[in-house]
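>>> Quick one: sequence plus predicted model below, questions after.
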Amino acid sequence: MTTQMSDDSLPGLLDLARRDYKDLAGQGLKLDLTRGKPAPEQLDLSEGLLDLPSGHTAADGTDVRNYGGLRGLPELRAIFADVLQVPADQLLAGGNSSLEMMHDCLVHALLSVMPGAESRWADQERIVFLCPVPGYDRHFALCERFGIEMVAVPMDGSGPDMDVVERLVAEDAAVKGIWCVPKYSNPSGVSYSDETVARLARMETAAPDFRIFWDNAYAAHHLTDEPVEIADLLALCAESGHPDRAFVFGSTSKITFAGAGVGFFGSSAANVDWLTANNSKRSIGPDKVNQLRHLEFLRDAEGVRAHMDRQRALLAPKFAAVQRILSEELGGTGLATWTDPDGGYFVTLEVVEGCAKEVVRRAAEAGIVLTPAGATHPYGDDPRDATIRIAPSFPGLAELERAMHGLTVCVRLVGYEKAAGA
Ligand code: PMP
């Protein structure tokens, strides 16, 4: 912890940082800021799910205990149509994970001809995805898994740099997709501006089968009184003459139970039919018992909003603590900048170039585990070695505060060491 700063010359600051680090390392901490998991108190908000469903019949008479219903329960799709900005009849409610649906879309695009495609992706020499950075490591892992080349695109405060995106998609037909987390992005918290969404919808792509993987994982996950509304990509794509361009994903993983919620896929009717046809080979139907349970628990779009207000009450103090500690300990030092998100699950900390790996290493040595530096970039390679992802949701407030103080000590230590050439 920064105590009395009696000497603010570089040697003095370095000396203090070294002493603070020694103290920190002596505390025998065991703290974890790695993954964006809900805390147990957040999961408790959905405990009622464990006593549901109260029956086994959906509104249309479907017996949810039996096979069938590949598209998912219509009433649940109607609720999330609102949340995800997809008409209910173009929205699928699936299994427990949206990431699985993204995986499946890639596999099916590789192995079957998508609407608008001239051939299967597997039959093409190169497939390239644009990866706005910092981004979500599991998106990048999927690309690596399937040999899809990744090209990093810088993000600014309104989304990916659209001049770069437009140039890359126009000049190379191998560029088939882009990963987007459009609202409260993982990990920067940035929400895409209306202009960014409109440009994504209308841009000319060399590939006829270009897809935007619109992972709206944090659609309802606000941290302020003024929920961000993003533009409706699916509608804009249709208006721009590119109806099949958007694949919209979402889930209740961070609304109800992480890993035991419901995943959603929305797109044009043609894409939904394509995925449903592929799904019909993979499954005889999703878990409709879980879908009915979610329907009874959340009731309607207003129910989702009220539930997310309760989530926010638990999360907002943690995000506020992160801001307070970063400002108190690192404000004005020139050693770091950070994001102050209005929603989502993450804060991005940018440290002095060339220092992120070392900060993460020093923190680990002091018992504070962070997401590996570089994870926010394709191939785990942050060329500036500057980005660190902070996930404040899981630890309790006191534990989070200890971890954040410790992290700032490491940032000061490594930053001043670098400045001193030590
Ligand atoms: N997308 C993003 C951007 C995420 O942050 C996460 C969870 N960390 C997921 C998808 C995973 O979603 P699901 O649990 O629905 O597979």
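Ah, there it is.
>>> Tell me which other helices or strands the helix or strand bottoming out on mean pLDDT in the chain touches.
Using mean pLDDT, DSSP states H and E, strand 31-32 stands out as the lowest-scoring helix or strand of the chain, at a mean of 90. Strand 31-32 makes packing contacts with strand 368-369, helix 397-419 when contacts are defined by 3 or more CB pairs under 8 Å, 6 or more residues apart in numbering; DSSP states H and E. Yep, even glycine has a C-beta here, placed from its N, CA and C like the rest.
>>> most packed of the ones you listed?
Of all those, helix 397-419 carries the top mean neighbour count, a mean of 22, counting by mean count of other CB atoms under 10 Å.
>>> Report all helices and strands that it contacts.
Using 3+ CB pairs under 8 Å, 6+ apart, helix 397-419 sits against helix 10-25, strand 31-32, helix 301-330, strand 347-351, helix 356-365, strand 368-369.
>>> Looking at the ones you listed, which is nearest to residue 212?
Set against residue 212 and scored by CB to CB, those come closest in strand 347-351, at 22.2 Å.
>>> That closest one pairs with which strands?
As defined by DSSP bridges, the strand partners of strand 347-351 come to strand 336-338 (antiparallel), strand 387-390 (antiparallel).
>>> Residue 23: neighbouring residues, count only.
14 (other CB atoms under 10 Å).
>>> whoops, I mixed them up, residue 320
For residue 320, the count of nearby residues is 14 (other CB under 10 Å).
>>> Tell me how many other residues crowd residue 9.
Counted by other CB under 10 Å, the residues lying close to residue 9 total 8.
>>> Quick check, pLDDT for the residue of the stretch 101-250 of the chain found nearest the ligand.
Among the residues of the stretch 101-250 of the chain, residue 217 lies closest to the ligand, at 3.5 Å counting by CB to the nearest ligand atom. Note on residue 217: pLDDT of 98.
>>> now residue 3
38.
>>> What about residue 75, how many residues nearby?
Neighbour count for residue 75, taken as other CB under 10 Å: 18.
>>> Show residues contacting the helix or strand hosting it.
Element membership of residue 75 [criterion: DSSP states H and E] is helix 74-84. Helix 74-84 is contacted by residues 58-60, 71, 86-89, 91-93, 216, 219-220, 248, 250, 262, 264, 266, 291-292, 294-295, 298-301, 303-304 when judged by CB atoms under 8 Å, 6 or more residues apart in numbering.
>>> Which members of those residues are positioned in strands?
Applying DSSP state E to these, the entries found in strands are 91-93, 248, 250, 264, 266.
>>> Who wins on neighbours among the residues you listed?
Neighbour counts for the ones in strands among the contacts of helix 74-84 peak at residue 93, which has 30 neighbours (criterion: other CB under 10 Å).
>>> Double-check that residue 395 belongs to a helix.
No. According to DSSP: H, G, I helix; E, B strand; the rest coil, residue 395 belongs to no helix; its state is coil.
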